[in-house]
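Engineer: how does the following fold in three dimensions:
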Amino acid sequence: MDTSEYLPMFLAECREHLQGLNLAVVALEQTPGDRERVDEVFRIAHSLKGMSATMGFSGMADLTHGMEDVFELLRQRRDGVTRAAVDTLLDCLDTLSAAVDSIDEGGTEEIEPAALIERLRSLIRTRRRDQPPPDAPLVIPPGGHPEGVTVTVTLDADVAMPSVRAYMVLAALSDYGRIVVSIPAEATVDEFSGRLIEVVLDTDHEDSTLQRAAHTVDGVDSVAVLARRDAETPSDDVAPTPTTPPADLRVVTAAAEPEPEPAPAAAADDAAPLAAAARPEGSATSRRSAANRGMSTVRVEAERLDQLMGVMGELVVHRTQLEALVAQSDVPGIAQAMQELNRTSQALRAMVMQVRMIEVEAVFLRLPRLVRDLSARLGKEVELRLTGADTELDRTVVDALGDPLVHLVRNALDHGLESATDRVAAGKPPAGVLEIGARHAGGSVIITVRDDGRGVDPAAVARRAAQRGLIATGEPIDMTAAIELLFHPGFSTMEEMSDVSGRGVGMDAVRATVQGLGGEVTLTSVPGSGTTTQLRLPLTLAIVSALLVEVAGRPFAVPLDRVERTLRLEDHPVRSAAGRRLLLVPDGVLPLLDGEKVLDEGVASAPSTHAVIVRAGEQRVALAVERLIGQFELVTRALPPELSGSGAVSGGAVLSDGGIALIVDCDALAGSTSRVLNPTVLAA
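Structural biologist: From the prediction side, this is the model:
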């Protein structure tokens, strides 16, 4: 069977499963008694193995099979997992991630699993004597199971790839409860070749919900559900494992051989009374809605969402042009029809924007593994606290957020947090705290990275800056200047470069990336108490709220979240210093920039009448403009390469009349003044 058409979906689901496994394995090290987490890990590993085998990637399948044996051991033991076992599992996940990347790039898996499989087997060989052997028989009572309902699924007579269908049935049912026991067993589903699938499911869902879940799998002929059998003392184990099972129990061995063809038909006949007994009397609306939510998710390529947003922008432009034509027409009823079109298109735009929003959890999920590895490498004790993972941002912003957060976490662990010995000496708990949170703030999202470490030492920063020739030797600096030096390209306070930090590309890269997204970075620190970094990011890059102004007779858009206020130039005095114009306002002195010069528009067509005060980090500047047009919601577009380097602009937007407005890059405006004017004047 040609599986190439399924490759994109396979790669996406593999990355999703690997991310989930990374998070779950690290969490298990902290909470080894979490049985639900253990079951989750086993299900994810089993899904990954089945997918890899189906797609023909045997190296990945073999490695995940070895991991599955370790996870099965975790399900049976109660004393947690050793650090050596976690290290081995994480090494396996790294190898699988590399294999997925190689498949994505070249179509073949570049993986040598033998050494890792041997390490996994060495973990299995340490199994305690009081644990049951891996080939212990699984049993299902024919009259119902005391630990759950029995779901009997019969596949079509001509079904293709029954092992894949059985795997899909088990996966579908596992979304609605815990699989106590199944035929075929989860560990041997790849060898299944029959038609009858039986699952004992510990669940509170209605029978009709389970039937619908099983019927979502192609090739399912019928589904029957048998109620839970009452028992005075239900077992806490996964399944009873007697050496000699009673005569009234059906026995299936985990390492069973493929079933002969006649057997499934006979089993299906035995299941007929179960189907008759399992017909539901009614349905529960609340349970049905929950089931429908679980089965209503579809996977869409991100490129299609971008295309949809582009088409939506075109629709907004065409709608505005149509409004102008309608205003000149006297056709009866056309004005009302135009109002309806406006409401519909606005609702459609809001829906398209919502579809593009994803939770920042997609980035946060990478951090526990990163913190675990770095803290172990640095020999520090770290407690990671994550909050606001359900905060939503535009997909493009979330995709770009990963690298800045990695840099900030590395800085916090290497530069900020002290060793346990130093913390105790300073009167702090031995374990440092790293808090990472997300929250909404108006039309923006604020990502906060806070540690309770040593903080920034201005004197140490000054010494290092003097060595680099950035300031004069012995020149004192305050905290504001020290923080600004930390963002200087190539600057680092580390004396020696390591594989964690010291290259001087961390904070500079963070600022560049965040500013490229239209956001801001602020850093505050208290020596001896810790450091806090805040990233203020726009909710979306696709649509921006902007103040439209006119410069040199052309429209320009200033992002509204950067606008502090506007004022008339004739109401405030303007002075000159060192060849630069300064605007005197009640709360300070600001550099006054000529819009036609900084925006590369040549000669002004009219004198400037207004100033727009914009902010970029801790700085404020005043931009002189000819006219204020108004506030608008604009669909942003990237500039073509031949225009991307001209003036302090970062993008463009199509206006209602078909014209183009360039979007002002506020950070570039502030950057053009920071080297000329005294920072204390700019911050005034």
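Engineer: host element of the residue nearest to the spatial centre of the chain?
Structural biologist: Per Cα atoms, centre = their mean, the C-alpha nearest to the average position across the chain is that of A362, at 1.1 Å. Using DSSP states H and E, A362 maps to helix 361-364.
Engineer: and the next element down the chain from that helix?
Structural biologist: Assignment by DSSP H and E places the next element after helix 361-364 at helix 367-378.
Engineer: circling back to that earlier point, show me what the helix holding A362 is packed against.
Structural biologist: Counting contacts by 3 or more Cβ pairs under 8 Å, 6 or more residues apart in numbering; DSSP states H and E, helix 361-364 packs against helix 395-411. Where you see a C-beta, it was placed from the backbone N, CA and C, and this is true even at glycine.
Engineer: burial count for the closest residue to T150 other than its chain neighbours?
Structural biologist: Distances taken as Cβ to Cβ, 6 or more residues apart in numbering put L226 closest to T150, at 4.1 Å, once the chain neighbours are dropped. As a burial measure, L226 scores 24 neighbours (other Cβ atoms under 10 Å).
Engineer: show me where the stretch 51-200 of the chain has its helices.
Structural biologist: 58-76, 83-106, 114-124, 162-174 (DSSP state H, counting those that start in this stretch).
Engineer: tell me the contacts of P559?
Structural biologist: G518, P538, V544, S545, A546, I663, V664, C666 (Cβ atoms under 8 Å, 6 or more residues apart in numbering).
Engineer: where does it land on pLDDT?
Structural biologist: pLDDT for P559: 88.
Engineer: before we move on, the earlier item: which ones among the contacts of P559 map onto strands?
Structural biologist: P538, V544, S545, A546, I663, V664 (DSSP state E).
Engineer: residues near the closest residue to the first one other than its chain neighbours, how many?
Structural biologist: The one in question is P538. Nearest non-adjacent residue to P538, counting by Cβ to Cβ, 6+ apart: G518, 5.0 Å away. With neighbours defined by other Cβ under 10 Å, the count for G518 comes to 24.
Engineer: hmm, G518 is touching V544, no?
Structural biologist: Yes. The criterion here is Cβ atoms under 8 Å, and G518 meets it with V544 at 7.4 Å.
Engineer: name the helix or strand for the closest residue to T473 other than its chain neighbours, please.
Structural biologist: In this structure, T473 finds its nearest non-sequential neighbour in A466, 4.5 Å apart by Cβ to Cβ, 6+ apart. Assessed by DSSP H and E, A466 sits inside helix 458-467.
Engineer: show me what that helix packs onto, helices and strands only.
Structural biologist: Short answer (3+ Cβ pairs under 8 Å, 6+ apart): helix 458-467 packs on helix 479-486.
Engineer: centre of the chain versus the helix it packs on, how much separation?
Structural biologist: 31 Å (Cα atoms, centre = their mean, to the nearest Å).
Engineer: average pLDDT for that helix, rounded please.
Structural biologist: Averaged across helix 479-486, the pLDDT comes to 88.
Engineer: and if you look at stretch 660-668?
Structural biologist: 83.
Engineer: next, L583: secondary structure please.
Structural biologist: Using DSSP: H, G, I helix; E, B strand; the rest coil, the structure places L583 in strand.
Engineer: outline the domain layout of this structure.
Structural biologist: 4-124, 138-230+248-279, 303-359, 361-538, 543-682 (automatic domain parsing).
Engineer: can you flag the weakest of the ones you listed by average pLDDT?
Structural biologist: domain 138-230+248-279 (a mean of 70).
Engineer: show me where the stretch 451-600 of the chain has its helices.
Structural biologist: 458-467, 479-486, 506-516, 595-598.
Engineer: list the buried residues for the helix holding A466?
Structural biologist: Buried residues in helix 458-467, counted by 16 or more other Cβ atoms under 10 Å: P458, V461, A462, R464, A465.
Engineer: return the distance of it from the chain's centre.
Structural biologist: 37 Å.
Engineer: ok so, going back, I'd like to know how far the residue nearest to T473 sits from S329.
Structural biologist: 72 Å (Cβ to Cβ, to the nearest Å).
Engineer: cool, and G379?
Structural biologist: 76 Å.
Engineer: wait, what's in contact with the residue nearest to T473?
Structural biologist: A472, T473, G474, E475.
Engineer: just checking, L384 is part of a strand?
Structural biologist: Yes. Using three-state DSSP, the assignment for L384 is a strand.
Engineer: so who does the residue lying closest to it once chain neighbours are set aside touch?
Structural biologist: For L384, ignoring the flanking residues on the chain, the nearest one in space by Cβ to Cβ, 6+ apart is V371 at 4.7 Å. V371 makes contact with V382, L384, V409, L413, L434 under the criterion Cβ under 8 Å, 6+ apart.
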